[in-house]
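# Give me the fold of what follows.
(chains A and B)
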2 protein chains.
Amino acid sequence: MHILVLGAAGMVGRKLTERLLRDGRLGNREISRMTLHDVVAPTKPADAAMPITVVTSDFADPGTAAPLVAHRPDVIFHLAAIVSGEAELDFDKGYRINLDGTRMLFDAIRLIGGGYKPRVVFTSSIAVFGAPFPDAIGDEFFHTPLLSYGTQKAIDELLLADYSRRGFMDGIGIRLPTVCIRPGLPNKAASGFFSNILREPLAGKEAVLPVSEDVRHWHASPRSAVGFLIHAATMDSAAAGARRNLTMPGLSATVGEQIAALKRVAGDKVAARIKREPDPFIMGIVDGWPRNFEARRARQLGFTTAEQTFDDIIRIHIEDELGGKFVA
Amino acid sequence: MHILVLGAAGMVGRKLTERLLRDGRLGNREISRMTLHDVVAPTKPADAAMPITVVTSDFADPGTAAPLVAHRPDVIFHLAAIVSGEAELDFDKGYRINLDGTRMLFDAIRLIGGGYKPRVVFTSSIAVFGAPFPDAIGDEFFHTPLLSYGTQKAIDELLLADYSRRGFMDGIGIRLPTVCIRPGLPNKAASGFFSNILREPLAGKEAVLPVSEDVRHWHASPRSAVGFLIHAATMDSAAAGARRNLTMPGLSATVGEQIAALKRVAGDKVAARIKREPDPFIMGIVDGWPRNFEARRARQLGFTTAEQTFDDIIRIHIEDELGGKFVA
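Predicted structure coming up:
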């Protein structure tokens, strides 16, 4: 089977690609070919067992999506987006990439026709929800985003469901928890600090905490996020019915609980590298974010996390990213 | 104040225009000017007390929206759309008119800038909801439309909320119940029969009932619909907070209850003009439609109906459309 990954240079895209190359198969089908796409050149894996094509373009430029899907990939992972902070600061860019880009991709698939109906796995976001919330957001709670980013993702979800209902594609949208601990450098996401305050201290560096310790949020490890993507690509989509956009399972934790877990796993000295510097802009954004979910439907449909506690999330990072070691 | 009505040639648009001309004011402000727009020429009222401009164009053509809002109308009623059946049969046209047209209008408003922030009253639809439903749909129930029409309206709602949140306009979206009894000729809406089976018999004509009598649906009279629009234009929008799209109050009734009301108000002979001809296409569409709502929030925000029973809905039609008389 042929797999196309849009947003392949991003953190989740790279992790997904690594996993697909390692497995050599998706579900019970062998991967015969992969296309990796991003606006910046994705790194071409050196030791791949199958042909890999790397494409660099802005997928929101008119005409860009058609050649990407012309080879009729069987599965399309659509992870391409600009992040919440950037979409909030640049209104036009946010709508162009996060809404128009996605719609042009779906239309390019639709216009191939002739029975072509790929599985499209789309990464949505819990930013489709906006405060005030119930204690734990249920699967039938409405979408009132408080950011342009969340608005764009909510619109993409609606398009995915309608294009699937009409038989143009076979889409599954997954609302990832905030991925924690994000490896690599900080990005422009307003949620970046949830990872920074763990990753940087584990690497012996200081990190800034811009919100108070009682901020509660919804997390999953990169390993879990990749697992969700794989399951979304291989599950029986008919089981989701017309409601093809799903809140993924995760862990609800306060910043204080994150820090307590860091102390347990890595010690007080590591946790002391967190510096408190309240930032009203970040606090304002995070204030409208969800804190906890039920995510029953996703669990019923077979989505599972790799971690049971926040300690696990930190251990997974040390295992997967740091070769088992951290700077004590 | 200057009022722009988009979709002014439609049934609700005409009723709204009549009411505004009759009142001469909106809330406590005098109407100094009106612009009536539609893709087919709206009738220019003969005896208006203020200047009325009639504009005919396809508002989804690029460049059409900007001149419509260039005069900075204080209130914009955006009622323009193609109906559910047509949007389902013509995918491209539905998205072009119901999504792109609305977005271009909102963008034209946004790009005026300089503090221009009109009240925009948008008619959404209960088609943003898709089965399965709870017995009565609450104000926080999610949007999983089962028609492209409902998808487009749900997307427009998200845009309205985001553009309002960012300060580009002051939008209120109202999900009208199915307007019953629609005067005039049948249109392409799949919901047309709810009115046909009452209006045609009252005019001495036969009407086709394409679904079974136990189909339950959510209704409001044209008089109530116009009342909702006026209230949405004059209410304190801050009271709605960030959740600017509201399910309007209405009456939940089965087709059997509609027919019973017709018998009570107009007699058995009139009701005998209804012919039962089941239509699987219409039945399939209606099957995914909502049956009943709580609509608590709208009532709290001051939206009220003109009718308490389905008998009232029929009497309002006889009063407002038939000069008090029907064909017994």
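
# what are the ranges of the helices in chain A?
A:11-23, A:65-69, A:84-89, A:91-94, A:102-112, A:148-165, A:193-202, A:222-234, A:255-266, A:268-271, A:280-287, A:296-300, A:310-321 (DSSP state H).

# Need the winner for burial among these.
Of all the helices of chain A, helix A:148-165 carries the top mean neighbour count, a mean of 26, counting by mean count of other CB atoms under 10 Å in any protein chain shown. No exception for glycine: its C-beta is placed from N, CA and C like everyone else's.

# ok so, going back, can you say which of the helices of chain A is nearest to chain B?
helix A:148-165 (4.1 Å; CB to the nearest CB).

# and the stretch 51-200 of chain A, which residues reach chain B?
A:91, A:130, A:140-146, A:148, A:151, A:154-155, A:158-159, A:161-162, A:165-166 (CB under 8 Å from any CB of the partner chain).

# Swap in 6 Å and give it another go.
A:E140, A:F142, A:T144, A:S148, A:T151, A:A154, A:I155, A:L158, A:D162 (CB under 6 Å from any CB of the partner chain).

# State the distance from A:H2 to chain B.
27 Å (CB to the nearest CB, to the nearest Å).

# same question, A:L79
Per CB to the nearest CB, A:L79 is found 21 Å from chain B.

# Mind pulling up the pLDDT for A:P186?
Looking at A:P186, its pLDDT is 68.

# In contact with the nearest residue to A:G150 once chain neighbours are set aside, which residues?
Once flanking residues are discounted, A:G150 sits nearest to A:A127: 3.3 Å by CB to CB, 6 or more residues apart in numbering or on different chains. Going by CB atoms under 6 Å, 6 or more residues apart in numbering or on different chains, A:A127 touches A:S84, A:P145, A:L147, A:Y149, A:G150.

# one more time with 8 Å, if that's ok
A:S84, A:P145, A:L147, A:Y149, A:G150, A:K153, A:W289 (CB atoms under 8 Å, 6 or more residues apart in numbering or on different chains).

# I'd say the fifth one and A:V128 touch.
I take that to be A:G150. Yes - using CB atoms under 8 Å, A:G150 is in contact with A:V128, at 5.1 Å.

# Just give the number of residues close to A:D61.
Neighbouring residues of A:D61 were enumerated by other CB atoms under 10 Å in any protein chain shown; the total is 13.

# Give me the phi and psi for it.
phi -80, psi 130 (degrees, to the nearest 10).

# Let me know the pLDDT of it.
pLDDT at A:D61 comes out at 94.

# do you know how far it is from B:Y95?
Per CB to CB, to the nearest Å, A:D61 is found 20 Å from B:Y95.

# hmm, back to that, which of the contacts of A:A127 sit farthest apart?
Spanning the widest gap among those are A:K153 and A:W289, at 13.1 Å by CB to CB.

# returning to what we had before: could you dump the contacts of A:A127 into JSON lines and include pLDDT and distance to A:V5?
What follows is the contacts of A:A127, written out as JSON lines (pLDDT from 0 to 100; distance: CB to CB, whole Å):
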{"residue": "A:S84", "pLDDT": "85", "distance to A:V5": "21"}
{"residue": "A:P145", "pLDDT": "95", "distance to A:V5": "26"}
{"residue": "A:L147", "pLDDT": "92", "distance to A:V5": "25"}
{"residue": "A:Y149", "pLDDT": "95", "distance to A:V5": "21"}
{"residue": "A:G150", "pLDDT": "96", "distance to A:V5": "23"}
{"residue": "A:K153", "pLDDT": "98", "distance to A:V5": "18"}
{"residue": "A:W289", "pLDDT": "84", "distance to A:V5": "27"}
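
# Output these in a markdown table, with distance to A:A225 appended to each entry.
Shown next, in a markdown table, are these (distance: CB to CB, whole Å):
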| residue | distance to A:A225 |
| --- | --- |
| A:S84 | 16 |
| A:P145 | 21 |
| A:L147 | 20 |
| A:Y149 | 17 |
| A:G150 | 18 |
| A:K153 | 15 |
| A:W289 | 18 |
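
# and of those residues, the nearest to B:D100?
Of the contacts of A:A127, the one sitting nearest to B:D100 (CB to CB) turns out to be A:K153, at 19.4 Å.

# you'd agree the closest one is up against A:V128?
Yes - using CB under 8 Å, A:K153 is in contact with A:V128, at 5.4 Å.

# which residues do the two both contact?
Joint contacts of A:K153 and A:V128 (CB under 8 Å, 6+ apart) are A:P145.

# what bits of chain A have low per-residue confidence?
Scanning chain A for pLDDT under 70 picks out the ranges A:186-188.

# Give me the domain ranges for it.
A:2-178+A:220-247, A:190-217+A:251-291+A:307-321 (automatic domain parsing).

# Nearest to B:T305, out of those domains?
Smallest distance to B:T305 across these (CB to CB): 23.1 Å, for domain A:2-178+A:220-247.

# Need the distance between the two termini of that closest one.
End-to-end distance of domain A:2-178+A:220-247: 27 Å, with CA to CA, to the nearest Å as the criterion.

# How far does that domain sit from its chain's centre?
With CA atoms, centre = their mean, to the nearest Å as the basis, domain A:2-178+A:220-247 stands 9 Å off its chain's centre.

# still on that earlier bit, what's the most distant pair in the residues of the stretch 51-200 of chain A next to chain B?
Pairwise distances across those (CB to CB) peak at 24.3 Å, for the pair A:E140 and A:S148.

# How about A:K44, nearest residue that isn't a chain neighbour?
The shortest distance from A:K44 to any non-neighbouring residue, by CB to CB, 6+ apart, is to A:V54 (4.9 Å).

# now do A:G94
Using CB to CB, 6+ apart and skipping the chain neighbours, the partner closest in space to A:G94 is A:A87 (3.1 Å).

# try A:T56
In space, A:T56 comes closest to A:A41 once its chain neighbours are excluded; the distance is 4.6 Å by CB to CB, 6+ apart.

# circling back to that earlier point, now that we have the residues of the stretch 51-200 of chain A next to chain B, can you turn them into TSV and tack on distance to B:I230?
Converted to TSV, these look like this (distance: CB to CB, whole Å):
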residue	distance to B:I230
A:E140	32
A:F142	26
A:T144	25
A:S148	31
A:T151	28
A:A154	29
A:I155	29
A:L158	29
A:D162	32
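
# between the residues you listed, which is closest to A:R72?
Checking those against A:R72 by CB to CB gives A:D162 as the nearest, at 21.5 Å.

# Looks like that closest one contacts B:T144 (just checking).
No - taking contacts as CB under 8 Å, A:D162 lies outside contact range of B:T144: 10.2 Å.

# how many other residues sit next to the residue nearest to A:D90 when sequence neighbours are not counted?
For A:D90, ignoring the flanking residues on the chain, the nearest one in space by CB to CB, 6+ apart is A:I82 at 7.9 Å. Neighbourhood size, A:I82 [other CB under 10 Å]: 22.

# tell me the contacts of A:I82?
Contacts here follow CB under 8 Å, 6+ apart; on that basis A:I82 touches A:D90, A:K93, A:G94, A:I97, A:N98, A:Y149.

# residue contacts, A:T178?
Contacts of A:T178 (CB under 8 Å, 6+ apart): A:I126, A:S191, A:F194, A:H217, A:W218, A:H219, A:A220.

# make it 10 Å
By CB atoms under 10 Å, 6 or more residues apart in numbering or on different chains, the contact list for A:T178 reads A:125-127, A:189, A:191-192, A:194-195, A:217-220, A:225, A:250, A:289-290.

# which ones among those are found in strands?
Counting by DSSP state E, those place A:S125, A:H217, A:W218, A:H219, A:A220 in strands.
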